[in-house]
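In: Make a model of this:
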Amino acid sequence: GSKIPVLDDKQGIAVQKVRSPSSKKLATCGSQTSREKKLSLLQDVGRLKKKLRDEENIHRVLKQAFNRPVGTLPRLPPYLPPNVSYTILCYLWSLRQ
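Out: A predicted model of the protein is given here:
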């Protein structure tokens, strides 16, 4: 995080660490209400659940692709990241040679 100067009654100026602006926990007006915290946590849980589902889907596709008989091509779903599709196709192509 960055540091900003703050006034200290006894010692003059001191330096205080501040969280980076990207931190979702940083409240703009002091502290968040418990409702805002709960909403933020629920949003985080939703994003993490979606990310987990995506990773599980990619794992399933990879498992199917690498356990196929030689010479058969898997159906690659459109949600796969391009680098994953490319890796699968390169692997299968290398088996043919």
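In: Quick one: list the elements packing against the helix or strand where residue 38 lies.
Out: Using DSSP states H and E, residue 38 sits within helix 34-66. Applying 3 or more CB pairs under 8 Å, 6 or more residues apart in numbering; DSSP states H and E, one finds that helix 34-66 makes contact with helix 82-96. Heads up, the C-betas are built off the backbone N, CA and C, glycines and all.
In: Next, the buried residues of the helix it packs on.
Out: By 16 or more other CB atoms under 10 Å, the buried positions in helix 82-96 come out as 85, 88, 92.
In: Which residue is the nearest non-sequential neighbour of the last one?
Out: What sits nearest to residue 92 in space, not counting adjacent residues and going by CB to CB, 6 or more residues apart in numbering, is residue 73, at 6.6 Å.
In: Show the backbone phi and psi for the one you found.
Out: Torsion angles at residue 73 (phi, psi; degrees, to the nearest 10) stand at phi -100, psi 130.
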